[in-house]
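# Mind looking at a prediction? Sequence and model below.
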Amino acid sequence: MVRERLSAAVNRYPVLWRSLAAIVAGLLLFGSFPPRPWWFLAPLGIAVLTLVVRDSGRLRSGFGYGFLAGLSFFVPLLPWTGIYVGPVPWLALSTVCAVYIGLFGLIARLVGRLPGWPLWVALAWATAEWVRSSFPFGGFPWGRLAFGQADGWFLSLASIGGAPMVSFAVALTGTGAAALILAVRSARTGAPAPVDSDDVGQESNSDASTDDASLGGSAVEVADRGTEAADRAAAGERRVSADQPRASTPRTAFITAAATLIIMPIAGLILSATLPDPNQGDRTITVAAIQGSVPRLGLDFNAQRRAVLDNHVRRTKELARAVEAGQAKKPDVVIWPENSSDIDPLRNADAAAIITEASEQIGAPILVGAVLVNSDRTTTNSVIVWNGAAGPGERHDKKIIQPFGEYLPMRSFFRLFSEYADRAGYFVPGHGDGVVRADGVDIGVATCYEVAFDRAFEDAMRAGAQLLTVPTNNATFGDSEMTYQQLAMSRIRAVEHGRALVVAATSGVSAIIAADGSVAQETPQFVPAALVADLPLRTSNTVATRVGPAPERVFVALTVAAMVAGVVVRRRRSRTEEATDRNAEIGQSVS
């Protein structure tokens, strides 16, 4: 009885139930991201969303349900973007990101009836992520499925195709689960797989009959319209059966769906055995990561810029004393975080002096995160190799700078919406290869926001990076989940390129990450600390490093081809439907 009532309620209010399911799908995706270790929720969320958008009627319905799922995903994922600037930027960014999930819903609706549809729908997700990671203003990759999988079975796939491969694998597992659900339902009911509701008008006709009754139309008129709708639906079913190949048997559908569901998780588990040994490499060096912490959190944390610099100098000197006392191993390289010296040490003699003193006491070069003022008064977010009395050496100027933070596109327009607009910086991007040499070691650098982008380490790896580092400043995002989300990205990058990776953060979390993505050491937030570890250097490259962006380009090309096929099929069915309707009208006039 309960089941019958639930079925009746779903049939009576399909839009409501689909909307609720879309919201649940988005929340499941959110639940798969750090600091929660529930990576397995992501395929489940994709499965639910696929069932909703694939069966949602018109193309715009697919977009609408996808957009709704996007809101329920990004709104709880990104509140750190509005901690100190108010809810408008947070909600605006979440809404824009949700549009791309809506785009997925639209594409999934278009390709979701093609043979092999779980593959095409998974590719549609990968393509939507690529678009979001590229446009506008350079894109915003935060929230890609891959970045929630650092603790999951899919992690090792990053060594084959990077973050795009991991996202695709998660999406394919989800669409395979959706196909399995449909196959099981079909086997239990003995009914064939449902035909395209766009073609037979199921959703629109059921809604129309309800609307007619609610508007007070006579029972006879409603019945007549219902009969006509049933006739059109029957004709539509005949057209579909003529246009499409015969549906596969329930057993074949079940086996195919089950295989699609398990292929990627099994591949990930098998590949995990091929990841590099965390302790093996061409040679080993000792690296220290310094977390000096900050006087206070928020956008004004660097108002006491000298205090931030002093904190990192102090913690480095404490490590030097521990080394001298035999309590810690002497590092070959020391890494400070982004913004550890917002006083330009190339222009300020005092800042240069205390950095030099710290480097001399520890007896190693320091990678200093500094804000440098250019001759035209613009600024660069840089990492400088500072080697004792020799002073500054090579440097990495951040190449992927953050819109609406480090710079503000269309400043005069956006200042109309937030009083914080003018607090955005005037940073300009660098143009190097992302590698700095310290003590004979080539270190690839991706500063903070850069690590979210696939291209961040590409140039550095081509230039021969043996070790990777992500200096970051999370003090502007308070006590939020942002630092854990970013740490997961660094773990993906370590596996993607087969390199040990050092995260140095101003206020936490700093970490030592092995080439297999495991976290060897990490600090708590807001506590001054120093991590010291022996890390292997490597020169061999993973498949992902060698192929670069090729897998994602293939995903996009296949999605475009599937979309073209979907358009062709829909147009053919539309022409067939129009011809059938004309024949029906002729038959009625003759009769």
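Alright, I've got the coordinates. Numbering: from 1, shown residues only.

# which residues touch the helix or strand encompassing Arg314?
Using DSSP states H and E, Arg314 falls within helix 305-324. For helix 305-324, contacts defined as C-beta atoms under 8 Å, 6 or more residues apart in numbering pick out 288, 290-295, 301-302, 328-331, 334, 336-337, 339-343, 351, 354-355, 357-358, 361-363, 366, 506, 528-530, 532. Quick note: C-beta positions are derived from backbone N, CA and C, even for glycine.

# what's the pLDDT at Pro89?
pLDDT recorded at Pro89 is 87.

# Which residue, neighbours along the chain excluded, lies closest to it?
Excluding the flanking residues, the one nearest Pro89 by C-beta to C-beta, 6 or more residues apart in numbering is Gly82, at 5.4 Å.

# who's in contact with that neighbour?
Counting by C-beta under 8 Å, 6+ apart, Gly82 makes contact with 88-91.

# now those as JSON lines including secondary structure and distance to Leu537?
Output for the contacts of Gly82, formatted as JSON lines (DSSP: H, G, I helix; E, B strand; the rest coil; distance: C-beta to C-beta, whole Å):
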{"residue": "Val88", "secondary structure": "helix", "distance to Leu537": "46"}
{"residue": "Pro89", "secondary structure": "helix", "distance to Leu537": "41"}
{"residue": "Trp90", "secondary structure": "helix", "distance to Leu537": "41"}
{"residue": "Leu91", "secondary structure": "helix", "distance to Leu537": "45"}
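
# of those, closest to Leu182?
Leu91 (35.2 Å; C-beta to C-beta).

# gap between that closest one and Leu123?
Going from Leu91 to Leu123 by C-beta to C-beta, to the nearest Å gives 30 Å.

# if you count what's nearby, which of those two comes out ahead?
Each of Leu91 and Leu123 has its neighbours counted (other C-beta atoms under 10 Å); Leu123 has more, 27 against 17.

# Name the helix or strand for the more buried one, please.
Judged by DSSP H and E, Leu123 forms part of helix 117-132.

# Enumerate the positions of the helix or strand that that helix is followed by that are buried.
Downstream of helix 117-132, the next assigned helix or strand under DSSP H and E is helix 158-189. Buried residues in helix 158-189, counted by 16 or more other C-beta atoms under 10 Å: 158-183, 186.

# how much space between Trp80 and Ala514?
For Trp80 relative to Ala514 (C-beta to C-beta), the value is 27 Å.

# next one: Val10
From Val10 over to Ala514 the distance is 48 Å, taken as C-beta to C-beta.

# Neighbour count: these two, which is higher?
Ranked by neighbour count (other C-beta under 10 Å), Val10 and Ala514 place Ala514 first, with 23 against 13.

# what residues are up against that one?
With contacts defined as C-beta under 8 Å, 6+ apart, Ala514 is in contact with 278, 494, 500, 520.

# hmm, 6 Å instead?
Contact analysis of Ala514 by C-beta atoms under 6 Å, 6 or more residues apart in numbering lists 278, 500, 520.

# list the helices and strands the helix holding Leu123 packs on?
helix 87-111, helix 158-189, helix 550-590 (3 or more C-beta pairs under 6 Å, 6 or more residues apart in numbering; DSSP states H and E).

# what is the rounded mean pLDDT of that helix?
In the prediction, helix 117-132 has an average pLDDT of 98.

# one step back: now which of the contacts of helix 305-324 would you call buried?
Buried members of the contacts of helix 305-324, scored by 16+ other C-beta under 10 Å, are 288, 290-295, 301-302, 328, 331, 334, 336-337, 339-343, 351, 354-355, 358, 361-362, 366, 506, 528-530, 532.
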